[in-house]
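Enquirer: Quick one: sequence and predicted model below, then my questions.
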Amino acid sequence: MAADRAALAHLLRRAGFAPTAAEIDTATAAGYGATLDALLDFSAPDPADAAPTPTFGPASPFAERTLTPAQRQAAQRQRNVEFAALQRWWLTRMAATTHPLREKLTFYWHGHFATSYDKVRLPALMYGQNQLFRTLGGGGFEALTQAVAKDPAMMIWLDTSSDKAAHPNENFARELMELFTQGIGNYTEDDVREAARAFTGWVLDPRSLTWAERPAQHDSGSKTVLGQTGDWDGTDVVHILVGSAASQRFLAARVWSHFAYPVAAADPIVTDLLPATGNVTALLRAVFEHPAFLSPAARQGLVKQPVEWLLSLVRVIGVPADSARLVPILSALGQVPFRPPNVGGWPQNGYWLTTASNLARLQAATFATRSADLSPVADAAPSARVDAAAHLLGVSWSDGTARALAGVAADPRQLVTLALIAPESVLA
Amino acid sequence: MKPLSRRRFLAGAAGIGVAAGASAAGATLLGGCSSPRGHPAGPTPGRSPAAATPSESRPGVLVLLALYGGNDGLNTLIPYADPAYLGARPSLGYQPGQVIRLDAELALHPALTQLKGLWDAKQLAIVRGVGYPDPNYSHFRSMDIWQSGVPDRDEPTGWLGRYLDRTGGKDPLWALSLGPTMPPLLQGASVAGSALPSGNLTIAPAIEPPFTALMTPAAGASPLLQRVAASGADLLTVVHAVREVLSAQTAPAGGTNLEGGPPSSTARTAAAATGLDAQLDVVARLIVGGLPTRVYVVSFGGFDTHGTEKDTHANLLAELDSAVGAFAKAVAGHPVVLMTFSEFGRRVAENASGGTDHGSAAPLFVVGSGVKGGYYGDEPGLTDLDDGNLRFTTDFRSVYATVAEGVLGVDQGAVLEGGSFPTLGFV
């Protein structure tokens, strides 16, 4: 593959989901700079916005306390139906959007501020959080973090919904430091306990299911967080945390780790990114314009997350984005949207390379190619089909993979099935 | 179960390697033919000192049950007679009349009825106050510590990964975790355990030969590319062996259909096999069927009970109790030891949300027909606290040392560093 086509395929994979051969060709013709400018411009109209947004019944767990057990079960069944529709809606968006980086960034924030439906149980709130990531995700990190702190799904997920002065709940305060803003080692247990006191009095209003303040439950005493002392409330604490030098390194390292390759916060690359941490869109530009983004370390430095790999079945092979098979495939691969395994989100790389995930990819690729239009490969002469599969998927084969695929070139379906799960196609 | 000496372990293993080689099981497994029934499922002969091992001569099988989220030890093994217990937990605590008493001081949570049966049968050991120095209250750091067995620095290998490095060779069947991902505790320096898929294990026979060619790790390829290929190669070994064991058994009515089934049943079986009872059901069938696996890991989440803990925790413990009780019955007579662990216990005092925050020391359960039932380690005091948390009485590495020597038949130095930890004698 020509060097610039390979670079553009790499950019489109990292800044979006599973580019098609035509998209890679268009981007190659436009050039790296123009393609990046277009990816970073979230303002142009997006046809994906025209798709109907999911609708939700007026469910409230508080109102349901008076229901009979049978009525409660029926309400939960209805919510599970809504939740399945919500998952389909997001996967369809990822497949259809003309703003792939905005959608990829939404997916990034979902892993950063990882919140699961398994505890929240209200699809409308998961949708609200998802829209928050989409609308605020490209702006300032503090504005986003402030909004997440008051986000109803997050408040249920990490128990700020019922925080009281007498016995503060430390869950949100701890993860805000460890996983969202500072990273382990950059705060103390005292910081956690003091910050938890600052968040007391924040509740979820039971009727509106929105953030509210109960001054009588707020601990208005003096607190010290990261060495700064005052009568802090939750907003003050977020401001203090996001403003720390450790937080800027933490954010830059995490974003680089997810779009380029994993690094620690002390890595010199992180220092290069620090001037851009004030605005997430600027930070993304700094990542994609950094010389190391096109280095071999970056090009072979990430394994596709299951959602990314699945979208190659949808966008490149043609499996319908609303197929009922998609979520079960993601479940077998270990990554279900809106259901991260815990507040730490999904780990990277080796985490996805198990015997079990290998089987799940093989079974899913077999399913995807069964009824697919494979003419881009099948129409080529048998001797040209291995290269045609590489062009289709925007990858280059190693000699070993090319030999293995050449052995099945007579059968285009088997060839594409194996091309989809080849080691080169499993890397991002 | 009798603890096996290292010497006996090696002697038993050597004879079996010859037997497996004679059956040519490995050639059948890797050749992609539909293999006839009747020969023992086993890994490729010659790769490890103990290739396939029939159950009667094998050292113990270890089943680790990870409780993710931080199980509330104080509401699991309840110091019901200590007034400080209800004093710290006025709404979350259980009254003396509600609990399952074990003696005049301690009781099991009301949901743990089957564990009480195992306790009475002397097949349940309760190790009390388990923790490590300078406790960490992060789920992730503390789980890393439990999985690596190294509390004072970042260590990429797991304690059982080091056991695999030492004994397992490259046999992908040596240790299996259930579900799509693999816990870090099975990551060794040179080898790792395998992840057994929870759905159906169907692979079209025609695709196996080219799949094998595709998944041949290429010299000089990047580490991640090599790892994709290696996991693909291991997959066929695992699937063939597991399918063979399961197909030789009749699936219990209503049980998990792990094996076979049309592709359209993938979703149903995948969902069905994620519950703890289904995971342990599969493990029991593989053990009884003679899979040579030495270590299984199953997992159960939801223990991070910061709010409205009482009902949530009771439901979790009921599910745990039922699954472990059924498992103990299913593997009765086999040299199997099941051990629970969690990243930490929880704060002694309840919080304002009807839950508890992250704590430190907690009890863990060891179950098996060869286990010497009873208490091990001292119960932590409720009044001498470390900033609201229990002080640990039993180093978790002593538990690991006991399991390494008493179940796996290796010296504790194979899995632990930093000296010799006193073993506890529960196996």
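Expert: Now that the structure is in, tell me what you want to look at.
Enquirer: low-scoring pLDDT stretches of chain A, where are they?
Expert: Applying pLDDT under 70 to chain A flags residues A:1, A:59-63, A:163.
Enquirer: list the buried ones in the longest helix anywhere in it?
Expert: Counting residues, the longest helix found in chain A (DSSP state H) is helix A:69-96. For helix A:69-96, the neighbour count (16 or more other C-beta atoms under 10 Å in any protein chain shown) marks A:75, A:79, A:82-83, A:86-96 as buried. For every residue, glycine as well, the C-beta is placed using N, CA and C.
Enquirer: Let me see the ranges of the strands in the chain.
Expert: Since no chain was named, I'll use chain A. Ranges of strands in chain A, per DSSP state E, are A:202-204, A:211-213, A:223-225, A:228-230.
Enquirer: should've been chain B
Expert: Under the criterion DSSP E, chain B carries strands at the ranges B:61-67, B:77-78, B:100-101, B:107-108, B:124-131, B:175-178, B:194-196, B:295-300, B:336-342, B:362-367, B:374-376, B:394-395.
Enquirer: right, and those strands - which one's nearest chain A?
Expert: For these, the distance to chain A is smallest for strand B:194-196, at 3.6 Å, taking C-beta to the nearest C-beta.
Enquirer: same for that closest one, what does it pack against?
Expert: Packing partners of strand B:194-196 (3 or more C-beta pairs under 8 Å, 6 or more residues apart in numbering or on different chains; DSSP states H and E): helix A:355-370, strand B:175-178, helix B:223-247.
Enquirer: any idea which of the ones you listed is most buried?
Expert: Greatest average neighbour count among the helices and strands packed on strand B:194-196 goes to strand B:175-178 (a mean of 26), per mean count of other C-beta atoms under 10 Å in any protein chain shown.
Enquirer: what's next to that one, contact-wise?
Expert: Residues outside strand B:175-178 that contact it (C-beta atoms under 8 Å, 6 or more residues apart in numbering or on different chains): B:160, B:163-164, B:168, B:183, B:186, B:193-196, B:198, B:238, B:273, B:279, B:282-283, B:286, B:293-299.
Enquirer: that older thread, for the strands of chain B, give me TSV that also has mean pLDDT.
Expert: Shown next, in TSV, are the strands of chain B (pLDDT from 0 to 100):
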stretch	mean pLDDT
strand B:61-67	98
strand B:77-78	98
strand B:100-101	98
strand B:107-108	98
strand B:124-131	98
strand B:175-178	96
strand B:194-196	95
strand B:295-300	96
strand B:336-342	98
strand B:362-367	98
strand B:374-376	98
strand B:394-395	98
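Enquirer: Name the residues of the stretch 201-350 of chain A found near chain B, please.
Expert: Proximity of the stretch 201-350 of chain A to chain B (C-beta under 8 Å from any C-beta of the partner chain) is limited to residues A:296, A:300-301, A:303, A:325, A:328, A:331-334, A:341-344, A:349-350.
Enquirer: now with 6 Å?
Expert: For the stretch 201-350 of chain A, the residues in contact with chain B (C-beta under 6 Å from any C-beta of the partner chain) are A:300, A:303, A:328, A:331-334, A:344.
Enquirer: Most widely separated two among these?
Expert: A:Gln300 and A:Pro328 (29.9 Å; C-beta to C-beta).
Enquirer: So if I had to pick from these two, which one is more boxed in?
Expert: With other C-beta atoms under 10 Å in any protein chain shown as the criterion, A:Gln300 and A:Pro328 differ in neighbour count, and A:Pro328 comes out ahead with 20 against 17.
Enquirer: if I look at that one, how far off is A:Ala84?
Expert: According to C-beta to C-beta, to the nearest Å, A:Pro328 and A:Ala84 sit 11 Å apart.
Enquirer: With A:Gly33 instead?
Expert: According to C-beta to C-beta, A:Gly33 and A:Ala84 sit 41 Å apart.
Enquirer: do B:Phe303 as well
Expert: 27 Å.
Enquirer: repeat for A:Leu67
Expert: In terms of C-beta to C-beta, A:Leu67 sits 22 Å off from A:Ala84.
Enquirer: So for chain B, the centremost residue is which one?
Expert: B:Leu64 (1.4 Å; C-alpha atoms, centre = their mean).
Enquirer: So what pairs up with that residue in the strands?
Expert: Assessed by DSSP bridges, B:Leu64 has beta-bridge partners B:Val297, B:Met339.
Enquirer: for A:Thr369, what are its contacts?
Expert: A:413, A:416-417 (C-beta atoms under 6 Å, 6 or more residues apart in numbering or on different chains).
Enquirer: so which of the residues you listed would you say is closest to chain B?
Expert: A:Thr417 (7.0 Å).
Enquirer: and the closest one, how many neighbours?
Expert: 27.
Enquirer: which residues does it contact?
Expert: Counted by C-beta under 6 Å, 6+ apart, A:Thr417 has contacts A:365-366, A:369.
Enquirer: Other residues contacting stretch A:325-332?
Expert: For stretch A:325-332, contacts defined as C-beta under 6 Å, 6+ apart pick out A:87, A:91, A:306, A:310, A:336, A:360, A:364, B:199, B:267, B:270.
Enquirer: quick one: the fifth one from chain B, how far?
Expert: Relative to chain B, A:Val336 is positioned 10 Å away (criterion: C-beta to the nearest C-beta, to the nearest Å).
Enquirer: Can you name the residues bridging to that residue?
Expert: According to DSSP bridges, beta-bridge pairing links A:Val336 with A:Arg339.
Enquirer: Which stretch among the strands of chain B is buried most, on average?
Expert: Sort those by mean neighbour count, taking mean count of other C-beta under 10 Å, and strand B:194-196 sits at the top with a mean of 29.
Enquirer: what lines up beside it in the sheet?
Expert: strand B:175-178 (parallel).
Enquirer: I would like the C-alpha coordinates for the partner strand, written out in CSV, please.
Expert: C-alpha atoms of strand B:175-178 as CSV (Å, rounded to 0.1, in the frame of the first residue of the first chain):
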residue,chain,number,x,y,z
ALA,B,175,-5.1,-22.6,33.6
LEU,B,176,-8.5,-21.5,32.3
SER,B,177,-10.6,-18.4,33.2
LEU,B,178,-14.2,-18.3,32.2
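Enquirer: and it, how far from the chain's centre?
Expert: Relative to its parent chain, strand B:175-178 has a centroid offset of 8 Å by C-alpha atoms, centre = their mean, to the nearest Å.
Enquirer: before we move on, what about stretch B:287-300?
Expert: 8 Å.
Enquirer: which outside residues touch it?
Expert: So stretch B:287-300 is in contact with B:42, B:52-53, B:55, B:61-67, B:160, B:173-178, B:183, B:245, B:249, B:276, B:279, B:283, B:331, B:334, B:336, going by C-beta under 6 Å, 6+ apart.
Enquirer: still on that earlier bit, wait, which of the residues of the stretch 201-350 of chain A next to chain B is closest to B:Leu225?
Expert: Set against B:Leu225, the nearest of those by C-beta to C-beta is A:Gln300 (6.9 Å).
Enquirer: what's around B:Asp384, how many residues?
Expert: Neighbours of B:Asp384 (other C-beta under 10 Å): 8.
Enquirer: State the distance from it to B:Gly355.
Expert: Going from B:Asp384 to B:Gly355 by C-beta to C-beta gives 24 Å.
Enquirer: cool, and A:Gly201?
Expert: Here A:Gly201 is placed at a distance of 18 Å from B:Gly355 (C-beta to C-beta).
Enquirer: now do A:Thr355
Expert: A:Thr355 is 37 Å from B:Gly355, by C-beta to C-beta.
Enquirer: ok, back up a step: and A:Gly201 and B:Gly355? which has more neighbours close in?
Expert: B:Gly355 (25 against 22).
Enquirer: close enough to count as contact, the more buried one and B:Gly307?
Expert: Yes. If you go by C-beta atoms under 6 Å, B:Gly355 and B:Gly307 touch, sitting 4.3 Å apart.
Enquirer: Setting aside sequence neighbours, what's the nearest residue to residue 218?
Expert: As the question left the chain open, I've gone with chain A. Nearest residue to A:His218 in three dimensions, chain neighbours excluded: A:Gly201, at 2.9 Å (C-beta to C-beta, 6 or more residues apart in numbering or on different chains).
Enquirer: switch to chain B, that's the one I care about
Expert: That would be A:Gly400: by C-beta to C-beta, 6+ apart, it lies 4.1 Å from B:Ala218.
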